[in-house]
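[1] Dropping the sequence and predicted coords here.
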Amino acid sequence: MGYVTAAYLVVVAAVALYWWSLRLRIDQAERELRADGAARMGGAEESGAGPGGPEGRS
Amino acid sequence: MTALYIGIVLILAAPFVQLLRRRKEERDAWLGLLALAAFAFAIYADLFIAGTDRMQGVPQRIFYVHVPSAWIAFLAFFLVFVFSIRYLIWRRESDDIRAHACAEAGVAFCTLVLITGPIWARPVWGVWWSWDARLTTALILWLIYVAYLMLRAYVDEPEQRARFAAVLGIVGFLDVPIVHMSVVWWRTLHPGPVVVRSGGMQELPGTMHLALWSSLMAFTLMFAYFVRRRAELERKRGLLEAARAAREG
């Protein structure tokens, strides 16, 4: 029974770990996308090309 | 018994059809829950419903996770092969993303095959590992797709990365039929085909069939869920890469 328990524990642990690693990586990519978007908005506003700048108003 | 299989398939298929009407994020969440429920049922069926094998005893129950893992790994590598060919013909990024997602999930399932196999071999053969044809070709298969993932990680230029990976994805698939046929072509410690033989389906007892097919269904749902999530991750990374390239260029 010990071998069967070990095999099933390995399978459950592997599935949980892979699911968790995917979730972490997707969260990380979303955070980086949001940070990148915010940086671009900041850069555009500094150069006057953002929604609040002269081009945005015209 | 057949009516029971059809009933289980219909019960699992009904919410799956409903999923198609929902938004992508919702669909993924429901697919994940469905896979989890199927996995829980499969473990219950494997450990408590299936009868104990007269020859091997309790360790034979490892069969219900070992064999579906191998089938799903083969399916994953076949899909890598198909999406790689599609990429080389049409050069669509979506095919490259799908091939990558299938390869990673395939490596995960192939890893399970290589771990559960020795755990099963120890009580039945008396050794953890034997360098026979089936085990060696399966290990080579795993190494090929680990190399595929490493190649993708080391090439920076996206178009070149996708092209190189597609070629490896096609060539690497040649090992899958060799792994499958190894037990027929060479004398091996590993048993030959047990479930599907050239003469048709072997007569396994009903409860063993139930355990095997419920495991296969659960692993298929998990594979679909993992591939969708992995593809979503790759799309997000692609967006990020493109945004950074546009800012630097």
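    Everything's here; your move. It should be emphasised that the depicted structure is a prediction, and the values quoted were computed from it without experimental measurement.

[2] mind listing the strands for chain B?
    B:196-197, B:200-201 (DSSP state E).

[3] and those, which one is worst for confidence?
    Comparing mean pLDDT across these, the weakest is strand B:200-201, with a mean of 56.

[4] The residue nearest to residue B:142 when sequence neighbours are not counted: how many residues sit nearby?
    Distances taken as CB to CB, 6 or more residues apart in numbering or on different chains put residue B:110 closest to residue B:142, at 4.7 Å, once the chain neighbours are dropped. The way it works is simple: take the backbone N, C-alpha and C, and place the C-beta from them, glycine included. Around residue B:110 there are 26 other residues, counting by other CB atoms under 10 Å in any protein chain shown.

[5] Need the pLDDT of the residue of chain A found nearest chain B.
    Scanning chain A for the residue nearest chain B gives residue A:29, at 4.0 Å (criterion: CB to the nearest CB). Looking at residue A:29, its pLDDT stands at 94.

[6] ok, now which ones touch it?
    B:233, B:236-237, B:240 (CB atoms under 8 Å, 6 or more residues apart in numbering or on different chains).

[7] Quick check: it is in a helix.
    Yes. Under DSSP: H, G, I helix; E, B strand; the rest coil, residue A:29 sits within a helix.

[8] Settle this for me: the residue nearest to residue B:142 is touching residue B:139, isn't it.
    No. Contact criterion CB atoms under 8 Å: residue B:110 and residue B:139 do not qualify, at 9.3 Å.

[9] Setting aside sequence neighbours, what's the nearest residue to the residue of chain B found nearest chain A?
    Relative to chain A, the nearest point of chain B is residue B:236 (4.0 Å; CB to the nearest CB). Once flanking residues are discounted, residue B:236 sits nearest to residue A:29: 4.0 Å by CB to CB, 6+ apart.

[10] sorry, back to before: pLDDT wise, what is the residue nearest to residue B:142 at?
    98.

[11] for chain A, which spans come out with low pLDDT?
    When residues are selected by pLDDT under 70, those of chain A lie in A:1, A:44-58.

[12] quick one: the helices in it?
    A:2-46, A:54-57 (DSSP state H).

[13] what's the most buried one of the ones you listed?
    Comparing the helices of chain A by mean neighbour count (mean count of other CB atoms under 10 Å in any protein chain shown), helix A:2-46 ranks first with a mean of 14.

[14] Residues of chain A that sit close to chain B?
    A:1, A:3-4, A:6-8, A:10-12, A:14-15, A:18-19, A:22-23, A:25-26, A:29-30, A:32-33, A:36-37, A:40, A:43 (CB under 8 Å from any CB of the partner chain).

[15] The same query, at a cut-off of 6 Å, please.
    A:1, A:3-4, A:6-7, A:10-11, A:14, A:18, A:22, A:25-26, A:29, A:32-33, A:36 (CB under 6 Å from any CB of the partner chain).

[16] Show me which residues of chain B are close to chain A?
    So far as CB under 6 Å from any CB goes, chain B lies against chain A at B:58-59, B:61-62, B:65, B:108, B:112, B:115-116, B:119, B:123, B:229, B:233, B:236-237, B:240, B:243.

[17] Now list the buried members of those.
    Burial by neighbour count, 16 or more other CB atoms under 10 Å in any protein chain shown: within these this picks out B:59, B:61-62, B:65, B:108, B:112, B:115-116, B:119, B:123, B:229, B:233, B:236-237, B:240, B:243.

[18] Mind picking the two most distant members of those residues?
    B:123 and B:243 (53.9 Å; CB to CB).

[19] in chain B, which helix has the most residues?
    Chain B, longest helix under DSSP H: helix B:206-248.

[20] now that helix and helix A:2-46, what's the angle there?
    20 degrees (axes from the mean of the first three to the mean of the last three CA atoms, to 10 degrees).

[21] just checking, residue B:141 touches residue B:175?
    Yes. If you go by CB atoms under 6 Å, residue B:141 and residue B:175 touch, sitting 4.7 Å apart.
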